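K.L.:
pasting the structure only:
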């Protein structure tokens with residue numbers, strides 16, 4: 001197969017890259033990847049399989065020479081060390097899992113340096129594996145995410161997958177990576193999961209993408225379908241607080257919204273600066289300005305909150321959002337209204353079928369109508385070291401806790417796996 005490899009997407013035409021895959025996600029598009037290039041690592045690689053006139057597959061990955069800091073969820077080592085991961089094992093793991101996790105984690109922490117560099121196949125800030133295969137006729141953002149195994153259990157695109165993964169692992173060896181990982185593989189991508197298992201990757205449930213299927217009918221129909229929460233009360237409180245809600249384009253991503261976003265980041269212990277947020281806003285406007293919808297909320301003359309999402313095909317992908325907690329107290333239910341209720345109003349107005357919310361806050365999302373689509377991480381040590389066994393143990397235990405958490409939230413049966 002003919003290959004092209006680049007270290008910047010500026011060297012690959014947008015039409016060629018986008019034609020090389022069939023994903024319905026905005027996060028694998030040329031535009032999104034350009035907007036986040038260099039965000040997690042200064043070194044990234046983009047692989048195209050096949051001739052430019054008819055590419056058959058694409059792969060995006062980045063090299064972590066050291067821990068990713070603020071971007072721990074996109075680092076197969078650092079994500080194990082954050083407090084939230086340990087809390088999930090404690091809260092949802094089987095009996096004895098927390099002690100086993102702590103013992104293995106201590107080994108990982110002591111020898112963390114031996115697990116880097118790490119080559120990671122994932123979409124920065126997108127919670128999606130960075131590997132995709134083409135379909136006849138090119139990408140179709142209007143269709144649902146594919147289940148790549150046909151009814152007979154065969155894998156029609158296995159040759160392309162094999163080639164892309166061979167090249168990924170060869171690249172890992174050439175750059176001296178000690179760990180290789182493919183993060184956030186959708187449960188529906190059976191062929192990719194099968195190939196990674198055969199290659200010896202450790203597999204774990206990493207979380208779930210929360211997806212709200214926008215109901216046909218009116219906004220009242222949506223509220224009427226929710227159970228276990230007082231949704232109408234939350235909407236009435238918000239709307240009765242003297243607020244003005246408007247739908248805007250990306251041009252309103254200004255310093256005031258950046259200040260609110262920075263406050264939100266700091267609330268969750270993330271480092272950053274106003275310049276960092278404004279730079280992110282600029283890159284979004286530059287590459288994805290035509291796709292961004294912004295819900296902006298005023299109280300009198302003051303902007304007090306916003307939420308935004310990318311419109312891609314028949315889906316909305318939730319992105320930036322924050323509100324002034326001093327001006328909008330808990331009694332306004334600002335979070336629920338901005339992130340869910342106003343987004344549903346927007347989706348219904350634009351004929352959107354799904355809203356994608358990503359990882360975390362599963363009870364809140366499920367209560368407001370989301371389903372949870374599991375995502376899996378696959379990790380493989382490229383060299384034997386003092387922490388390789390402990391790394392695998394941590395991922396297996398964290399994966400079991402994540403699976404049990406999803407089952408608990410959705411009311412499914414919890415399994416010891």
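P.N.:
Good, I have the coordinates. Note that the coordinates shown come from a computational prediction; the quantities given were computed from them, not determined experimentally.
K.L.:
quick one: the residue nearest the centre of the chain from residue 25, how far?
P.N.:
What sits nearest the mean C-alpha location of the chain, by C-alpha atoms, centre = their mean, is residue 127, with 2.0 Å. Residue 127 sits at a distance of 9 Å from residue 25 (criterion: C-beta to C-beta, to the nearest Å). For glycine as for every other residue, the C-beta is placed from the backbone atoms N, C-alpha and C.
K.L.:
rewinding a little: check which helix or strand covers the residue nearest to the centre of the chain.
P.N.:
Using DSSP states H and E, residue 127 maps to neither a helix nor a strand.
K.L.:
Does it touch residue 209 like I think?
P.N.:
Yes - with contacts counted by C-beta atoms under 8 Å, residue 127 reaches residue 209, the gap being 6.4 Å.
K.L.:
quick one: common contacting residues for those two?
P.N.:
Taking C-beta atoms under 8 Å, 6 or more residues apart in numbering as the criterion, residue 127 and residue 209 both touch 358-359, 375.
K.L.:
Enumerate every residue touching the residue lying farthest from the centre of the chain.
P.N.:
Computed with C-alpha atoms, centre = their mean, the maximum C-alpha offset from the centroid of the chain is found at residue 300, amounting to 35.2 Å. Residues in contact with residue 300, defined by C-beta under 8 Å, 6+ apart, are residue 242.
K.L.:
State the phi and psi torsions of it.
P.N.:
When quoted as degrees, to the nearest 10, the phi and psi of residue 300 stand at phi 60, psi -120.
K.L.:
before we move on, what about residue 120?
P.N.:
For residue 120, the backbone dihedrals are phi -120, psi 120 (criterion: degrees, to the nearest 10).
K.L.:
Counting neighbours, what do you get for it?
P.N.:
By other C-beta atoms under 10 Å, the residues close to residue 120 number 30.
K.L.:
tell me the contacts of it?
P.N.:
Residues counted as contacts of residue 120 (C-beta under 8 Å, 6+ apart) are 61-64, 74-76, 180-183.
K.L.:
Let me see the contact set for the residue lying closest to it once chain neighbours are set aside.
P.N.:
The shortest distance from residue 120 to any residue that is not its chain neighbour, by C-beta to C-beta, 6 or more residues apart in numbering, is 5.0 Å, and that residue is residue 181. For residue 181, the contacting residues are 76, 118-122, 377-380, taking C-beta under 8 Å, 6+ apart as the criterion.
K.L.:
Pairing-wise in the sheet, spell out the partners of residue 248.
P.N.:
Beta bridges link residue 248 to residue 294 when assigned by DSSP bridges.
K.L.:
Count the neighbours of it for me.
P.N.:
15.
K.L.:
and what of residue 53?
P.N.:
When neighbours are counted by other C-beta under 10 Å, residue 53 comes out with 7.
K.L.:
Which secondary structure state does it sit in?
P.N.:
Assigned state for residue 53: coil (three-state reduction, DSSP: H, G, I helix; E, B strand; the rest coil).
K.L.:
Please report the distance of it from residue 132.
P.N.:
Computed as C-beta to C-beta, the residue 53 to residue 132 distance reads 18 Å.
K.L.:
Nearest residue to residue 396 in space, ignoring adjacent ones along the chain?
P.N.:
Residue 396 sits nearest to residue 204 (C-beta to C-beta, 6+ apart), 6.1 Å away.
K.L.:
Helix, strand, or coil at that neighbour?
P.N.:
The three-state label for residue 204, taken from three-state DSSP, comes out as strand.
K.L.:
Contacts only, for it.
P.N.:
So residue 204 contacts 376-377, 379, 395-396, 398-400, 402 (C-beta under 8 Å, 6+ apart).
K.L.:
quick one: which of these sit in helices?
P.N.:
Secondary structure from DSSP state H places 395-396, 398-400, 402 of those in helices.
K.L.:
Selection in ChimeraX covering whichever of those are buried, please.
P.N.:
Here the buried members of these are turned into a ChimeraX selection, burial being counted by 16 or more other C-beta atoms under 10 Å:
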select :395,396,398,399,400,402
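K.L.:
What is the nearest of the ones in helices among the contacts of residue 204 to residue 221?
P.N.:
Taking C-beta to C-beta as the measure, residue 402 is the one of the ones in helices among the contacts of residue 204 closest to residue 221, at 32.8 Å.
K.L.:
thought that closest one was touching residue 184?
P.N.:
No - at 11.9 Å, residue 402 and residue 184 do not qualify as touching, with contact defined as C-beta under 8 Å.
K.L.:
which residues are in contact with both of those two?
P.N.:
When C-beta under 8 Å, 6+ apart defines a contact, the residues bordering residue 402 and residue 184 alike are 206-207.
K.L.:
Run through the stretch 301-417 of the chain and note the low-pLDDT ranges.
P.N.:
Applying pLDDT under 70 to the stretch 301-417 of the chain picks out residues 412-417.
K.L.:
Helices of that one, residue ranges please.
P.N.:
For the stretch 301-417 of the chain, helices defined by DSSP state H, counting those that start in this stretch occupy the ranges 334-336, 342-350, 362-367, 388-410.
K.L.:
Alright, that wraps it up for me.
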